[in-house]
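> Fold the following and give me the result.
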Amino acid sequence: MQGPGRIGFATTVPEEVRLFDSVQFRVTLPAADMDRAKAWYAEKLGLRPVEEDEFGGAWYETGDTPFLLYTSEFAGTNQAAAASYSY
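Below is the predicted model of the structure:
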């Protein structure tokens with residue numbers, strides 16, 4: 001894709017090279033304290049979980065983009081996962 005400041009990027013990609021067409025990209029955000037994080041998302045952004053999973057994670061939706069807020073001892077250290085792919 002080409003756009004402002006994106007010199008050198010191809011405008012088309014051959015079909016056989018489209019690696020991520022068959023996977024779903026998911027944003028995952030770590031939190032050291034889930035109760036505090038959920039309160040922040042509710043109070044500051046007006047977001048409430050649309051689903052909570054059996055591991056204590058909370059799924060949110062913003063427009064067409066879902067994201068998972070999950071407990072991690074690595075939150076804030078840049079060692080936690082920020083995205084994942086599923087097939």
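> hey, where'd the strands end up in the protein?
Counting by DSSP state E, the chain has strands at residues 24-31, 51-52, 58-62, 65-71, 83-86.
> If we go by neighbour counts, what in the third one is buried?
Buried residues in strand 58-62, counting neighbours by 16 or more other C-beta atoms under 10 Å, are found at 58, 60. For every residue, glycine as well, the C-beta is placed using N, CA and C.
> Residues contacting it, please?
The contact list for strand 58-62 (C-beta atoms under 8 Å, 6 or more residues apart in numbering) reads 34, 38, 41, 47-53, 66-70.
> And the residue nearest to residue 69 when sequence neighbours are not counted, how far from residue 29?
Spatially, and ignoring its direct neighbours in sequence, residue 69 is nearest to residue 58 (4.7 Å; C-beta to C-beta, 6 or more residues apart in numbering). Distance from residue 58 to residue 29, counting by C-beta to C-beta, to the nearest Å: 10 Å.
> ok so, going back, of all the strands of the chain, which one comes closest to residue 77?
When those are compared by C-beta to C-beta, strand 24-31 sits nearest residue 77, at 8.7 Å.
> Partner strands of the closest one and their direction?
Paired strands of strand 24-31, with direction, are strand 65-71 (parallel), strand 83-86 (antiparallel) (DSSP bridges).
> Okay, and the beta partners of the residue most central in space within the chain?
The centroid of the chain falls nearest to residue 27 when counting by C-alpha atoms, centre = their mean (1.0 Å). Applying DSSP bridges to residue 27 gives these bridge partners: residue 67, residue 83.
> where are the low-confidence patches of the chain?
Scanning the chain for pLDDT under 70 picks out the ranges 1-18, 80-87.
> switch to 80 and redo it
Judged by pLDDT under 80, the chain has its weakly predicted residues at 1-25, 78-87.
> Quick check: the residue nearest to the centre of the chain vs residue 68, distance?
With C-beta to C-beta as the criterion, residue 27 and residue 68 are 7 Å apart.
> buried subset of the contacts of strand 58-62?
Counted by 16+ other C-beta under 10 Å, those give 34, 38, 41, 47, 49, 67-70 as buried.
> Quick check: the farthest pair among the residues you listed?
47 and 70 (15.1 Å).
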